[in-house]
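> Model the following, please.
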Amino acid sequence: MNILNSLLTIDKSQRPAVYLQIANQLMEHIKNGKLKPGYKLLSSRDLSAVLGVHRRTVVQAYDELLAQGWLESVSGSGTFIASHLPQMLLQRLTDPESVSEDPIKRAGFDFSPVPMLDRPALKVTSSLHLDDGFPDARLAPLEELSRAYRSQLLTGNAYARLGYGDTKGALWLRKELSSYLNDTRGLNTSCDNILIVRGTIMGLFLVSSGLLANGDNVVVGEMGWYGAKMNFQKAGANILSIRSDQHGLDIDELEALCKKRKIRLIYVTSHHQYPTTVALRADRRIRLLQLAEQYGFIIFEDDYDYDFHYLSKPLLPLASADPAGMTLYCGSFTKAISPAFRVGYLVGPENVITHLSQLRRIIDRQGDTILENTIADLLQSGVIQRHLRKSVREYKQRRDVFCNLLKDELGDQVDFQIPDGGMAVWTRFDPAIDLKLLAEKALQKGLYFADGKMHNDNRDRHATRLGFASSTPKELEISIEILKKQLKQ
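Predicted structure coming up:
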């Protein structure tokens, strides 16, 4: 009996196509040495009879392997396993005990994992969520966005529209953003001051990779966004933390630090300090800009939710009052529309933007030009501006409902200040409460909230961000009721 009778198994009810099943199995048996170079295969007629398939199917399989170089055909003699195949394909080159049992799951080569990157990505799937401060995608102008996106796909010069574009981002969006940011943020920009990125995290990566050197000192708040710290650490920077209080970062401590050590960059969320949501006070803003000019350090200003301020008009960013070009200003449409739409912007001096766009080219040739032009369309038509005004009113109502619920239902177990802006409430729990355990119990009841570890370097703090914007008032009521019941147990 020919060896192929036992080696080949065909299932006509399964994919891939039968000829590919034959070809793939033959290829695998050649690789593992069961079919050796020079071995003569059955004729297409004989193998088709053995397998119970049409002769043409076997011919297709043989042709596939002939084209790939696994087989060779000798006129008048038949089809053979290619004699030129090297022996390395037919044997293991390493000790079998050292070879991974499942190469799909574990590589056969060594590499060094980076512990600081070993943090799970947030993917909230529960029906209720007091998240990190995300928008409610149900409010997003999805119909307008859909129409604009379709228009970008189908109209205009297809070669230009669907081809390669500027690594800085779509020119139309940069022009619209320049006008929008100048009007709303008090900036003084042109399109050449703007680099379109996938989001703030990409802006941080580019700045860390392009402007930081190994051993540079970077200053952050003692509580802050871990995503920023990861980028700085990956670039080899030393992370120096300073305190913050009810008025934002302690600039006195920063100045004392500058007198002792050379600071390369400071990361700030000046409008709504992350995670506490407090605003950096005016006098501290002025001194921060003065110190940056005096000591020559970069200010990376992450303005992650500028548009959502409820007490008064939003505070203008540091970048609007920077006379020396020390500030890089970063924001995105993640909070304005939805995290799924990855369009953000990095604003800075032209030479820096050009430098970072060159770096961006080697990791991401360009962004989603169609989506970028769609956002430009919505900015030009005022859709995004109207959506933001509507969202601010809605989120303010939700903030008030949520804070009243916290006070009335959990007032003896939590402490908080009503935030002037943002999408979350910085909430301190009674130290006797195990936040990690409470978060686990709430999740079992369908409610997600962070246990606070992601915000605090000092793990004995009993505080976390409770997001209200992505939930309706009714959903907020149910969420607080779940917390209340779990705290009683």
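> how far away is the residue nearest to the spatial centre of the chain from residue 342?
For the chain, the residue whose C-alpha lies nearest the mean C-alpha position (CA atoms, centre = their mean) is residue 201; its distance is 6.7 Å. In this structure, residue 201 and residue 342 are 10 Å apart, going by CB to CB, to the nearest Å. The way it works is simple: take the backbone N, C-alpha and C, and place the C-beta from them, glycine included.
> same thing with residue 252?
Using CB to CB, we find residue 252 at a distance of 38 Å from residue 342.
> Tell me which other helices or strands the helix-or-strand element of the chain with minimal mean pLDDT touches.
Every helix and strand of the chain was ranked by mean pLDDT, DSSP states H and E. The lowest is helix 4-7, at a mean of 74. Under the contact definition 3 or more CB pairs under 8 Å, 6 or more residues apart in numbering; DSSP states H and E, helix 4-7 sits against helix 44-51.
> after the helix it packs on, next one along is what?
Sequence-wise, the next helix or strand downstream of helix 44-51 (DSSP states H and E) is helix 55-68.
> in that next one, what counts as buried?
Under the neighbour-count criterion of 16 or more other CB atoms under 10 Å, helix 55-68 has 57-58, 60-65 buried.
> Look at residue 310 and report its pLDDT.
pLDDT recorded at residue 310 is 86.
> For it, which non-adjacent residue is spatially closest?
What sits nearest to residue 310 in space, not counting adjacent residues and going by CB to CB, 6 or more residues apart in numbering, is residue 396, at 4.4 Å.
> Measure how buried the one you found is and give me the count.
A count of neighbours around residue 396, defined by other CB atoms under 10 Å, yields 16.
> could you say what helices and strands the longest helix along the chain packs with?
Ranked by residue count under DSSP state H, the longest helix found in the chain is helix 383-410. Packing partners of helix 383-410 (3+ CB pairs under 8 Å, 6+ apart): helix 142-154, helix 369-381, strand 414-416, strand 424-429, helix 473-488.
> got these as JSON lines, with mean neighbour count and distance to residue 320 columns?
Formatted as JSON lines, those follow (neighbours: other CB atoms under 10 Å; distance: least, CB to CB, whole Å):
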{"stretch": "helix 142-154", "mean neighbour count": "15", "distance to residue 320": "28"}
{"stretch": "helix 369-381", "mean neighbour count": "21", "distance to residue 320": "19"}
{"stretch": "strand 414-416", "mean neighbour count": "18", "distance to residue 320": "30"}
{"stretch": "strand 424-429", "mean neighbour count": "22", "distance to residue 320": "25"}
{"stretch": "helix 473-488", "mean neighbour count": "17", "distance to residue 320": "34"}
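> which stretch among the ones you listed comes nearest residue 297?
Residue 297 sits nearest to strand 424-429 of all those, at 27.2 Å, using CB to CB.
> who does the closest one pair up with?
Sheet pairing for strand 424-429, assigned by DSSP bridges, gives strand 414-416 (antiparallel), strand 463-467 (antiparallel).
> Contacts for the last one, please.
Spelled out, it's strand 463-467. Contacts of strand 463-467 with the rest of the structure, by CB atoms under 8 Å, 6 or more residues apart in numbering, involve 129-134, 275, 402, 406, 423-429, 435, 449-452, 455-456.
> I'd like the distance from it to the chain centre, please.
In this view, strand 463-467 has its centroid 21 Å away from the chain centroid, taken as CA atoms, centre = their mean, to the nearest Å.
> Then the first one?
Shown here is strand 414-416, whose average C-alpha point lies 31 Å from the average C-alpha point of the whole chain (CA atoms, centre = their mean).
> so for it, what's the average pLDDT?
Per-residue scores along strand 414-416 average to 91.
> which residues sit in contact with residue 302?
Applying CB under 8 Å, 6+ apart, we find residue 302 in contact with 200, 204, 225, 228, 267-269, 274, 330-331.
> wait, isn't the residue nearest to the centre of the chain in contact with residue 227?
Yes. Residue 201 is in contact with residue 227 according to CB atoms under 8 Å; the separation is 5.4 Å.
> Run through the stretch 1-150 of the chain and note the low-pLDDT ranges.
1-2, 5, 86-101, 118, 120-124 (pLDDT under 70).
> can you give me the strands in it?
71-74, 78-81, 128-130 (DSSP state E, counting those that start in this stretch).
> Show me the one of the ones you listed that comes nearest residue 218.
strand 128-130 (30.7 Å).
> Strands along the stretch 201-350 of the chain, start to end?
Using DSSP E, counting those that start in this stretch, the strands of the stretch 201-350 of the chain run over 217-221, 238-242, 244-245, 248-249, 263-268, 298-302, 327-332, 344-347.
> can I get the ones you listed in JSON lines with mean pLDDT?
JSON lines is the format used below for those (pLDDT from 0 to 100):
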{"stretch": "strand 217-221", "mean pLDDT": "94"}
{"stretch": "strand 238-242", "mean pLDDT": "93"}
{"stretch": "strand 244-245", "mean pLDDT": "86"}
{"stretch": "strand 248-249", "mean pLDDT": "89"}
{"stretch": "strand 263-268", "mean pLDDT": "96"}
{"stretch": "strand 298-302", "mean pLDDT": "95"}
{"stretch": "strand 327-332", "mean pLDDT": "93"}
{"stretch": "strand 344-347", "mean pLDDT": "94"}
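> Locate the residue of this protein with the greatest distance from its centre.
The C-alpha centroid of the chain is most remote from residue 76, which lies 60.1 Å away (CA atoms, centre = their mean).
> Look up how far residue 40 lies from the closest residue to residue 174 other than its chain neighbours.
Nearest non-adjacent residue to residue 174, counting by CB to CB, 6+ apart: residue 191, 3.8 Å away. According to CB to CB, residue 191 and residue 40 sit 68 Å apart.
> neighbour count winner among these two?
residue 191 (20 against 12).
> That one and residue 175 touch, don't they?
Yes. Contact criterion CB under 8 Å: residue 191 and residue 175 qualify, at 4.9 Å.
> Identify the residues contacting residue 365.
Shown in contact with residue 365 (CB under 8 Å, 6+ apart): 164, 167.
> That one: helix or strand, and which one exactly?
Per DSSP H and E, residue 365 falls between elements, in no helix or strand.
> Can you lay out the strands paired with strand 424-429 as JSON lines showing distance to residue 325?
Shown next, in JSON lines, are the strands paired with strand 424-429 (distance: least, CB to CB, whole Å):
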{"stretch": "strand 414-416", "distance to residue 325": "38"}
{"stretch": "strand 463-467", "distance to residue 325": "33"}
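> What's the local residue count around residue 306?
23.
> for the stretch 151-300 of the chain, what spans make up the helices?
With DSSP state H, counting those that start in this stretch as the criterion, the stretch 151-300 of the chain has helices at 158-161, 171-185, 200-211, 226-234, 251-260, 282-295.
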